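Q: My questions are about this predicted structure, shown below with the sequence.
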Amino acid sequence: MIEEARLTELAQMERDDVFSLTLNTDPSLAQNQRPNPAYRIWMHGAVQRLLRRLPPDARQRAEPAAQRVLAHVGAMPQQGRGLAIFGGPDLWETWSVPFPLPNHLAYGRPDTVPLLWAMHEYAPYAILLVAHDRARLLIAYLGRAAVVEEIELDMHPEQWRFKTGRMATSSRRTGTGVGRGEQSSAYEARVLAEHHRFWRDVAKAAARTLTARRIDRLILGGDAEAAGAVSTALPGPLRDAVIGTAAVAAYASPAEIEASALPIALADHHARERRLVRSIAEERRTGGIGVDGAAATLNALAAGTLRVVVAARDMHAPAWICSGCGRVAATASRCAVCGGEPRGLALPQALPLLASRHGAALELVDAAAASPLTDGIGGLLRRRVNAN
């Protein structure tokens, strides 16, 4: 499983001798079902092209790690739908993940952007499947869902007592009780009341778990009546967190649940991305707290005034970092703070490091979502800048 803390460590490494490789190994793709799957063909070509571009000395240093990457991918069995490798002298990290990753290869500073994007794309959400007598709460993360809580209705009808009233004279003579219909109605009413109590308890339990885990997205499924009753019983803030209803039975298998819930979660995530970008563009247009374009965003980042930076995962722009104090700049000039020499970086590869150093949250989005932003990058300031 991908560990964000480890990705942060990799992004902060001061080294320039690491191969960063991600591959789409999805076995359901026709091109990956051949004896020599498409991702291996792409990888071999990408590695050879990269090595040819390196100066002779750097190529000689990179060759052992390159051969190890090629040998590992060539020998490994197909598993998962995505593969990530970070390889260099005294460094070897691999992750096989249950979702596709883009085919991407970089050499130099560890490039964690594809994996960070995946962590945003497949961020945690909850799935609550409810029946009349049972509920399951699952947490989905990085393309996999696991049951974290199961609740069953504890009902004891044998202990129930019903008052039926006095029988009529004719009924006493025939031995037939007229209270049977009334008793049946009372029994059905009691069962319905027990179901509603159960659904309220399910709503309370889900609220506690999601609050404790800080999860703000919930998908409901199972029996329509039961799911509707639980939705109504949810506390107000959690009711607003319901992002959709999955057409899946309460007793469905994990694979069926994932297949039904994931498209809902992805659609919600992409909608949130678009809203965030629209808010930046609107704030920028009205002179508010929005900035966009590589130069303006990096300048705000260097000044420590940027609260969140948003960038397309496949954008391309240069940046420079001061070799003395580590401040980032959009131009290759001496640092205005300490006079240090600038060192070239590439975006978005350097963004995890830069955002961490300058106290900004990083959101990586796809190219379509970032299209309203100049250069595919922008952000929101911590506060409005005084124009005077």
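A: In hand now; what should we look at?

Q: could you pull out the helices for the stretch 51-200 of the chain?
A: If you assign secondary structure with DSSP state H, counting those that start in this stretch, the helices in the stretch 51-200 of the chain sit at 56-75, 113-121, 169-174, 180-213.

Q: Run through the strands of the stretch 201-350 of the chain in chain order.
A: 218-222, 242-246, 290-292, 306-312, 317-322, 328-329, 342-347 (DSSP state E, counting those that start in this stretch).

Q: now the last one: mean pLDDT?
A: Strand 342-347 comes out with an average pLDDT of 81.

Q: Not counting residues beside it along the chain, what's closest to Ala367?
A: Nearest non-adjacent residue to Ala367, counting by CB to CB, 6 or more residues apart in numbering: Ala312, 4.9 Å away. Just so you know, the C-beta spots here come from the backbone N, C-alpha and C atoms, and that holds for glycine as well.

Q: gap between the one you found and Glu282?
A: The gap separating Ala312 from Glu282 is 19 Å, by CB to CB, to the nearest Å.

Q: okay, the two: which has more neighbours?
A: In this comparison of Ala312 against Glu282, neighbours counted by other CB atoms under 10 Å, the higher total goes to Ala312 at 22 against 12.

Q: got CSV for the helices of the stretch 51-200 of the chain, with mean neighbour count too?
A: As requested, those are arranged in CSV below (neighbours: other CB atoms under 10 Å):
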stretch, mean neighbour count
helix 56-75, 14
helix 113-121, 22
helix 169-174, 10
helix 180-213, 15
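
Q: dump the residue contacts of the most centrally placed residue in the chain.
A: Here the mean C-alpha position of the chain is nearest to the C-alpha of Ala123 (CA atoms, centre = their mean), at a distance of 1.7 Å. Ala123 makes contact with Tyr141, Arg217, His269 under the criterion CB atoms under 8 Å, 6 or more residues apart in numbering.

Q: Could you rerun that using 7 Å?
A: Listed by CB atoms under 7 Å, 6 or more residues apart in numbering, the contact partners of Ala123 are His269.

Q: backbone phi and psi for it, please?
A: For Ala123, the backbone dihedrals (degrees, to the nearest 10) come out as phi -70, psi 160.

Q: how many neighbours does the closest residue in space to Thr211 that isn't next to it in sequence have?
A: The shortest distance from Thr211 to any residue that is not its chain neighbour, by CB to CB, 6+ apart, is 7.9 Å, and that residue is Leu238. Here the count is done by other CB under 10 Å, and Leu238 has 19 residues near it.

Q: My guess is Ile2 contacts Leu115. True?
A: Yes. In this structure Ile2 lies within contact range of Leu115 using CB atoms under 7 Å: 5.7 Å.
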